[in-house]
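**Q** Sequence first, predicted coordinates after that:
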Amino acid sequence: MVEQFLENYVKKIVQHPDKVSISVAPTMDGCRSIVIYTSPLDIGRVIGKDGKMISALKTFISGAKAKDGLTYKIVVQANDSKK
């Protein structure tokens, strides 16, 4: 649920939505790590000015935490694949 929302939302705010992908993996401390892969040109759009966009995404995720009880970490990385 959370991963699908993030993928759809991020695709709407970037200039290269075909290069967006989401990866989810459990971590050692019981959290789930969500990695948002995007074009290197779009990383700034995902993070936002002064980190406001990624902060808003983290706020949404904390609301999902209340529902499913899982803790999430969000990381934004450049997608190196050539499409």
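**A** That came in fine, so what should we check first?
**Q** Once you drop chain neighbours, what's closest to the most centrally placed residue in the chain?
**A** Centroid-nearest residue in the chain, with C-alpha atoms, centre = their mean: I36, separated by 4.1 Å. Nearest non-adjacent residue to I36, counting by C-beta to C-beta, 6 or more residues apart in numbering: V76, 4.9 Å away. (Glycine included, C-beta is placed from N, CA and C.)
**Q** ok so, going back, next up, the contacts around the residue nearest to the centre of the chain.
**A** Applying C-beta atoms under 8 Å, 6 or more residues apart in numbering to I36 gives the contacts 6, 10, 20, 22, 46, 74-77.
**Q** Which of these fall in helices?
**A** Using DSSP state H, the subset of those located in helices is 6, 10, 46.
**Q** The second one: neighbouring residues, count only.
**A** Neighbour count for V10, taken as other C-beta atoms under 10 Å: 22.
**Q** And it, how close does it get to D42?
**A** Per C-beta to C-beta, to the nearest Å, V10 is found 8 Å from D42.
**Q** got any residues that touch both of these two?
**A** Joint contacts of V10 and D42 (C-beta under 8 Å, 6+ apart) are V20.
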